[in-house]
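> with the input below, show me the fold.
(one chain, ligands or ions: 1)
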Amino acid sequence: MGAPERVAVFDELADGMLRSVTLSDGTTVCLARLGEQVTAVRDQCSHADFPLSQGYLNPDGTIECGWHGAQFRCADGAVCRGPATDPVECFDVLVDAGVVYVRRLIA
Ligand code: FES
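As a prediction, the model looks like this:
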């Protein structure tokens, strides 16, 4: 597992919204806040690379791609609706003292 990286301040994440952040290695990550929960997946749709952060966060906890409408589960990046067939990478999220950290799950 990678080292946690500070990416945002919790209070600056709007409830029900997506936000793109960039890790130190240039990877872009899409943060999703639903209530007190923050999740993170790769900010790149597995169908045709559209930034997921420019799509929509649905109340059921899925992110909908803004280009062709694929849906991914925030919790683990699984595909819930095509046309995408592959999941997107999921990241571990830690919130400590109001600061949001993201950690890569795979090396
Ligand atoms: S690029 Fe996301 S559904 Fe096509």
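> for this protein, which segments count as strands?
5-9, 18-22, 28-34, 37-42, 56-57, 62-64, 71-73, 79-81, 90-96, 99-104 (DSSP state E).
> can you put those strands in CSV and add mean neighbour count?
Heads up, the C-betas are built off the backbone N, CA and C, glycines and all. Formatted as CSV, the strands of the chain follow (neighbours: other C-beta atoms under 10 Å):
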stretch, mean neighbour count
strand 5-9, 17
strand 18-22, 18
strand 28-34, 22
strand 37-42, 22
strand 56-57, 20
strand 62-64, 22
strand 71-73, 22
strand 79-81, 15
strand 90-96, 17
strand 99-104, 19
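> contact residues of the chain facing the ligand?
With the criterion set to C-beta under 6 Å from any ligand atom, the chain comes near the ligand through Cys45, His47, Ala48, Phe50, Cys65, Trp67, His68, Gly69, Ala70, Pro83, Ala84.
> and of these, the nearest to Pro4?
Each of the residues of the chain next to the ligand was checked against Pro4 using C-beta to C-beta; the closest is Cys45, at 25.0 Å.
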